[in-house]
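# The amino acid sequence is not available; the structure is as follows:
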């Protein structure tokens, strides 16, 4: 369960969050902000097809969705979306992409460039 100090109970202000629509994870987002409703939190969401990270989004989600998973349809494919929330203005910075290819290349580079032992 997600919880954070509910600053909206003491003020009339609501959170200001980065916004980026659900799109391919490697696509860059413009620097757009959105004012959330009092019952919403800033969110960074990731969508997975199996274990592969496919899409990402930032914005406002209802506090009940924080820390949850949901199945949505994106371009006719069912994906599992996880919502990670935070409770400060602009706390949902765009997610850094890390493709499987980059991971693979990093592992190959690490293997071939392993340090040699000197005796």
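Alright, I've got the coordinates. Nothing here was measured: the structure is a model prediction, and the numbers come from that model.

# how would you label the closest residue in space to residue 55 that isn't next to it in sequence: helix, strand or coil?
Using C-beta to C-beta, 6 or more residues apart in numbering and skipping residues adjacent in sequence, the residue nearest residue 55 is residue 47, 3.9 Å away. The way it works is simple: take the backbone N, C-alpha and C, and place the C-beta from them, glycine included. Put simply, residue 47 is strand when judged by DSSP: H, G, I helix; E, B strand; the rest coil.

# in the protein, which segments are predicted with low confidence?
Scanning the chain for pLDDT under 70 picks out the ranges 1-12, 95-119.

# which residues does the residue nearest to residue 55 contact?
Counting by C-beta atoms under 8 Å, 6 or more residues apart in numbering, residue 47 touches 22, 53, 54, 55, 56, 57, 72, 74, 79, 80, 81.

# what's across from it in the sheet?
Residue 47 has these beta-bridge partners by DSSP bridges: residue 55, residue 81.

# And residue 59, how far from residue 35?
11 Å (C-beta to C-beta, to the nearest Å).

# Comparing those two, which residue is more hemmed in?
residue 59 (21 against 13; other C-beta atoms under 10 Å).

# I'm done for today, thanks for sticking with me.
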